[in-house]
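[1] Quick one, structure for this:
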Amino acid sequence: MAELRLQTRSPLHGVHPAGFVGITINERPSLSLTLITHRRAMRKACADKLRAAYCLDPPMGAKFVQGAGITLSWAGPESWLMIAAERPDFETELATSLGDTAAVVDLSDARAMLRIGGGNARALLAKGLSIDLHPRAFGPGDTAITLLAHAVIQLWQIDQNGTFDVAMPRATAHDVVDFLTISAGS
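    Take a look at the predicted model:
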């Protein structure tokens, strides 16, 4: 019997957002994204194990931390999202490190990631967001789970220059890029 081999392909395969003045939009392929949900009454134990294994202090609010090529982001009251350059078996590595303190789910193929930067990135994103992106309200190290043009996203501001990472479900990636491309041109 022939063996069937499927290759994963970016949800944005073939989509190339046009360049706009003051804005860059780039896909961030080949990332490992893993959702960590601590078990009931195990938040501290899970955080301690994450700290010991990855030298990162898990954020307790809508923040993220970075270190050694890994981003650990708040993803809700009981969850964190771990993002790293593509690592085979990252889910297994995390599950082993965390033991019975958390459930671990690989989201790598379920999400698309974009990096949006440039002097006009904040204004572009503000056209479709219901949250305040003014620098006094949302700055480096902040994250939010919100809607961008009716698509659920998670947004991070990664630096003082107003560079943002955006994660979204694969199913809405084209819609988000279409919205950003149309909005950037207007």
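[2] Tell me how many other residues surround Ile36.
    Here the count is done by other CB atoms under 10 Å, and Ile36 has 26 residues near it. Just so you know, the C-beta spots here come from the backbone N, C-alpha and C atoms, and that holds for glycine as well.
[3] Report pLDDT for it.
    Note for Ile36: predicted pLDDT of 97.
[4] if I read this right, it contacts Gly76, doesn't it?
    No. Here Ile36 lies out of contact with Gly76, judged by CB atoms under 8 Å, at a distance of 10.6 Å.
[5] the helices in this structure, which residues?
    In the chain, the helices defined using DSSP state H lie at 43-54, 90-98, 121-126, 173-185.
[6] hey, which of those is tucked in deepest?
    Among the helices of the chain, helix 121-126 has the highest mean neighbour count (mean count of other CB atoms under 10 Å), at a mean of 20.
[7] Check which helices and strands it sits against.
    strand 164-169, helix 173-185 (3 or more CB pairs under 8 Å, 6 or more residues apart in numbering; DSSP states H and E).
[8] Leu33 touches Leu81, doesn't it?
    Yes. The pair Leu33 / Leu81 is scored as a contact, 6.3 Å apart, by CB under 8 Å.
[9] shared neighbours of those two, which are they?
    The contact sets of Leu33 and Leu81 overlap at 107, 167 (CB atoms under 8 Å, 6 or more residues apart in numbering).
[10] Tell me the bridge partners for the residue nearest to the spatial centre of the chain.
    Geometric centre of the chain, nearest residue: Ala167, 4.1 Å, by CA atoms, centre = their mean. Ala167 has the following beta-bridge partners by DSSP bridges: Met113, Gln154.
[11] go on, Val65?
    Going by DSSP bridges, Val65 forms beta bridges with Leu72.
[12] count of neighbours near it?
    Val65 - counted by other CB under 10 Å - has 17 other residues nearby.
[13] for it, what are its contacts?
    56-59, 71-73, 141 are the contacts of Val65 under CB under 8 Å, 6+ apart.
[14] From those residues, list the buried ones, please.
    Buried members of the contacts of Val65, scored by 16 or more other CB atoms under 10 Å, are 56, 58-59, 71-73, 141.
[15] Reformat the residues you listed as CSV; add pLDDT.
    Formatted as CSV, the buried ones among the contacts of Val65 follow (pLDDT from 0 to 100):
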residue, pLDDT
Leu56, 95
Pro58, 96
Pro59, 96
Thr71, 96
Leu72, 97
Ser73, 98
Gly141, 97
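[16] Break this structure down into its structural domains.
    For the chain, automatic domain parsing gives the domain ranges 24-28+110-185, 31-106.
[17] Out of those, which is closest to Glu3?
    For the domains of the chain, proximity to Glu3 was assessed by CB to CB; domain 31-106 is nearest, at 19.6 Å.
[18] any idea how far Ala173 lies from Ala167?
    10 Å (CB to CB, to the nearest Å).
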